[in-house]
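Peer 1: Model the following, please.
(2 chains)
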Amino acid sequence: MRMSQLFLRTLRDDPADAEVPSHKLLVRAGYVRRVAPGIYSWLPLGLRVLAKVEAIVREEMAAIGGQEVRFPALLPRDPYEATDRWTEYGDNLFRLKDRRGNDMLLGPTHEEMFTLLVKDLFGSYKDLPAVLYQIQTKYRDEARPRAGILRGREFIMKDSYSFDVTDEGLEQAYQAHRAAYIRIFDRLGFDYVIVKADSGAMGGSASDEFLAVLETGEDTFVRSPGGYAANVEAVTTVVPDAIAFDGLPAAHAEQTPDTPTIETLVAHANAAFPRDDRPWTGADTLKNVLIMLRHPDGSTEPLAIGLPGDREVDAKRLEVQVSPAEVEPFGEEDFARYPDLAKGYIGPGVLGTENATGIRYLTDPRVVDGTSWITGADVHGSHVFDLVAGRDFTSDGTIEAAEVRAGDPAPDGSGPLELARGMEMGHIFQLGRKYAERLGLQVLDENGKLVTVTMGSYGVGVSRAVAAVVEGSYDELGIVWPKEVAPFDVHLVVAGKAPELFEGADGIVADLEAAGLDVLYDDRPKMSPGVKFKDAELIGVPTIVVVGKGLADGVVEVKDRATGERRDVAVADLVATLTA
RNA sequence: CGGGAUGUGGCGCAGCUUGGUAGCGCACCUGCUUUGGGAGCAGGGGGCCGCAGGUUCGAAUCCUGUCAUCCCGACCA
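Peer 2: I've put the predicted structure just below:
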């Protein structure tokens, strides 16, 4: 490709609306243009990269027997009504009407369509297993699109679906996808982790997320030196051993005026009731938090959560635990209905289905039998000290709602956890029979009986991956593409304007292309060398070949974009050097 | 949906306080010079100053409304 012919304009300044590196660089280097918030056009360079990523995905999907199909992006309402997602998706769904007033939507994902397609055409266990996938534009009307290509309202996604009669078949399809995804992300060349996704509401179905490790990521995950990795929502607390009650001091209530917060309580305890061995800390206190649950049927239920005072409730972890109920704040009017609750001094004494309030009381897993706590005495201005779990109070069960912190032990014993940010690039999920049931996807088994098909759904953010690659591979000069996804193999710059240089370059380009290399040939005649070098570095093709003064002696310069290393190579050896 | 900011050629910005012929840099076009690190000189094209009202002899500038965009948060592949 001759650069004089390429539809490209590079920009010297970062666009004002860009914040993250991939956004700035992809716009500056002429890969994409913004059309509307979260909606981008792909220019020739960008499309080449996108095609490379798609090719990797197609190869790896083919390798596990996936067959490609393509559904429309524009879809009728009906199938999504059957699974309730017309409603469930809420404002995130792009909705429109056709001229007859029929409701339509722009597909946010295609579980329904795949399920119905298989139902349409297949009716026997002999037809299964099957894996179908598509690479298609998806639409989600995000409340706040951001970070350019990384999180748009229109994006390209590979979604595949497996169809099996047996749970074992589903497990196999799931593992095949997991392996394929590992190969895909390895080839894309960015740092990623596989984390267990939330283990809550969907009832134990296996689910792994592939997260690109990025500062700009929107998911928080944890990992340990020993290789454990999980979404914070899926982290389980390491439960300490129970402690024998023998010798534990008896509980005693103390006056603790003006200590409605953990901070004031700890300060007061250290001042008025100092320990011999060490100061009191927030971890010695048991904080009791009240929330209101709203169940899907609209009813509400209060819930009390007891957790070490040095930890906050993590809203996301809590939501996963109580799903499908939703969490609402416990308001003043709710407190008014429970006169036994002494705000700021609430303790286990009145919590629990057996006690005065009758409010269900769940505690953090760290609150095991024999642990001693300072906690509210259910009287304003008073706390109980040495209140021992299992001896002086009990709860109605445990709940994983406390925040996860760096340094917490990994559940599998593989060391202290570290918190990091990631961006979801792939998600594999055992859907089970939910969609098949809703949509009536059944086949006849060997005995001639109708059985419901079990499904898996597996996504890769294809356009997002392009941005993630950039996020993981750039420097102050521009993008540094890994070979597998670079728009070209070689960027050849003519430094100079002597006709002999261009003639020589023409020949070199022809040789390289004959050897199967994609060459971006900067043949722009009047451009100064400095501009060409800057453009080459910004665009980020892995290998830059400079045809300049050395050509008279039969050598050109080969520069590695990533390392900056340059060396002179004889023209005669160039093809061999670059294809090695 | 809450908080903050910003809308001026393709891009980045100044001008607004104090109303008076719309400016700068980059990019683009022409010519000459230059040619290994975002060249120089000269000339040139391109604008409904987000939109709508209002005040005024006169509005990019003041007032009111409105729309949009960006950032932080809530939410989210």
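
Peer 1: Return the nearest residue of chain A with respect to RNA strand B.
Peer 2: Nearest residue of chain A to RNA strand B, counting by Cβ to the nearest atom of the strand: A:Gly548, 2.0 Å away. No exception for glycine: its C-beta is placed from N, CA and C like everyone else's.

Peer 1: Looks like that residue contacts A:Pro529 (just checking).
Peer 2: Yes - with contact defined as Cβ atoms under 8 Å, A:Gly548 counts as touching A:Pro529 (7.5 Å).

Peer 1: which of these two has more neighbours?
Peer 2: A:Gly548 (18 against 15; other Cβ atoms under 10 Å).

Peer 1: Quick check: the gap between that one and A:Gly504.
Peer 2: 10 Å (Cβ to Cβ, to the nearest Å).

Peer 1: And A:Glu328, by the same measure?
Peer 2: For A:Glu328, the distance to A:Gly504 - Cβ to Cβ - is 73 Å.

Peer 1: higher neighbour count, these two?
Peer 2: A:Gly504 (19 against 12).

Peer 1: what residues are up against that one?
Peer 2: Applying Cβ atoms under 8 Å, 6 or more residues apart in numbering, we find A:Gly504 in contact with A:Val547, A:Leu551, A:Val571.

Peer 1: With A:Ile544 instead?
Peer 2: So, once contact is read as Cβ under 8 Å, 6+ apart, A:Ile544 ends up touching A:Val490, A:His491, A:Leu492, A:Val493, A:Ala536, A:Glu537, A:Val558, A:Lys559, A:Asp560, A:Arg561.

Peer 1: Let's see the pLDDT reported for it.
Peer 2: pLDDT, the model's per-residue confidence, is 96 for A:Ile544.

Peer 1: Leaving out the residues flanking it, which one is nearest to it?
Peer 2: Among residues not flanking A:Ile544 along the chain, A:Lys559 sits closest, at 4.3 Å (Cβ to Cβ, 6 or more residues apart in numbering).

Peer 1: Residue ranges of each domain in chain A, please.
Peer 2: A:51-235+A:419-470, A:252-388, A:488-579 (automatic domain parsing).

Peer 1: Check those for me: which has the lowest mean pLDDT.
Peer 2: Ranked by mean pLDDT, the domains of chain A bottom out at domain A:252-388, with a mean of 84.

Peer 1: Say whether RNA strand B is contacted by that domain.
Peer 2: Yes - against RNA strand B, domain A:252-388 shows contacts by Cβ under 7 Å from any atom of the strand at A:Ala315, A:Lys316, A:Glu319.

Peer 1: From those, pick the one nearest A:Asp392.
Peer 2: The shortest approach to A:Asp392 among those belongs to A:Ala315, at 29.9 Å (Cβ to Cβ).

Peer 1: if I look at that closest one, how far off is A:Gly298?
Peer 2: On the measure of Cβ to Cβ, A:Ala315 and A:Gly298 end up 21 Å apart.

Peer 1: Likewise for A:Val367?
Peer 2: Going from A:Val367 to A:Gly298 by Cβ to Cβ gives 32 Å.

Peer 1: Tell me which of these two has more neighbours.
Peer 2: The neighbour count for A:Val367 versus A:Gly298, taken as other Cβ under 10 Å, is higher for A:Val367 (21 against 6).

Peer 1: can you pull out the strands in the stretch 401-550 of chain A?
Peer 2: Remark: strands assigned in the stretch 401-550 of chain A by DSSP state E, counting those that start in this stretch are A:418-432, A:442-444, A:450-452, A:454-461, A:474-475, A:478-479, A:490-494, A:519-522, A:543-547.

Peer 1: Export these to CSV and append columns for distance to A:Val266.
Peer 2: Below are those laid out as CSV (distance: least, Cβ to Cβ, whole Å):
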stretch, distance to A:Val266
strand A:418-432, 24
strand A:442-444, 61
strand A:450-452, 56
strand A:454-461, 45
strand A:474-475, 46
strand A:478-479, 51
strand A:490-494, 62
strand A:519-522, 64
strand A:543-547, 61
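
Peer 1: Quick one: closest of those to A:Val384.
Peer 2: Nearest to A:Val384 among these is strand A:418-432 (33.4 Å), distances taken as Cβ to Cβ.

Peer 1: which residues does the residue nearest to A:Ile544 bridge with?
Peer 2: A:Ile544, A:Arg566 (DSSP bridges).

Peer 1: Who are the contact partners of it?
Peer 2: A:Thr543, A:Ile544, A:Val545, A:Val546, A:Glu565, A:Arg566.

Peer 1: And the first one, how far from A:Val379?
Peer 2: Computed as Cβ to Cβ, the A:Thr543 to A:Val379 distance reads 76 Å.

Peer 1: Ok, A:Thr452 next?
Peer 2: As judged by Cβ to Cβ, A:Thr452 and A:Val379 stand 57 Å apart.

Peer 1: now A:Arg464
Peer 2: From A:Arg464 to A:Val379 the distance is 55 Å (Cβ to Cβ).

Peer 1: residue boundaries of the helices in chain A?
Peer 2: In chain A, the helices defined using DSSP state H lie at A:21-28, A:44-63, A:78-82, A:85-88, A:111-121, A:167-188, A:262-272, A:315-322, A:332-337, A:434-439, A:462-471, A:499-514, A:529-539, A:571-579.

Peer 1: so of these, which one's packed in deepest?
Peer 2: Most buried of these by mean neighbour count (mean count of other Cβ atoms under 10 Å) is helix A:462-471; its value is a mean of 27.

Peer 1: Show me what it packs onto, helices and strands only.
Peer 2: If you count contacts as 3 or more Cβ pairs under 8 Å, 6 or more residues apart in numbering; DSSP states H and E, helix A:462-471 packs onto helix A:21-28, helix A:44-63, strand A:154-164, helix A:167-188, strand A:418-432.

Peer 1: With distance to A:Ala402 added, can I get those in a markdown table?
Peer 2: Formatted as a markdown table, the helices and strands packed on helix A:462-471 follow (distance: least, Cβ to Cβ, whole Å):
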| stretch | distance to A:Ala402 |
| --- | --- |
| helix A:21-28 | 34 |
| helix A:44-63 | 39 |
| strand A:154-164 | 34 |
| helix A:167-188 | 30 |
| strand A:418-432 | 14 |
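
Peer 1: can you redo those as TSV with distance to RNA strand B?
Peer 2: Output for the helices and strands packed on helix A:462-471, formatted as TSV (distance: least, Cβ to the nearest atom of the strand, whole Å):
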stretch	distance to RNA strand B
helix A:21-28	7
helix A:44-63	13
strand A:154-164	4
helix A:167-188	13
strand A:418-432	3
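
Peer 1: anything in contact with each of A:Gly548 and A:Pro529?
Peer 2: By Cβ under 8 Å, 6+ apart, the residues touching both A:Gly548 and A:Pro529 are A:Ala495, A:Gly496.

Peer 1: Skip the chain neighbours and tell me the closest residue to A:Ile428.
Peer 2: Going by Cβ to Cβ, 6+ apart, A:Ile428 has A:Tyr458 as its nearest residue, at 4.5 Å.

Peer 1: ok, the one you found - how many residues close by?
Peer 2: Other residues close to A:Tyr458 by other Cβ under 10 Å number 28.

Peer 1: Against A:Thr563, how distant is it?
Peer 2: Taking Cβ to Cβ, one finds A:Tyr458 at 36 Å from A:Thr563.
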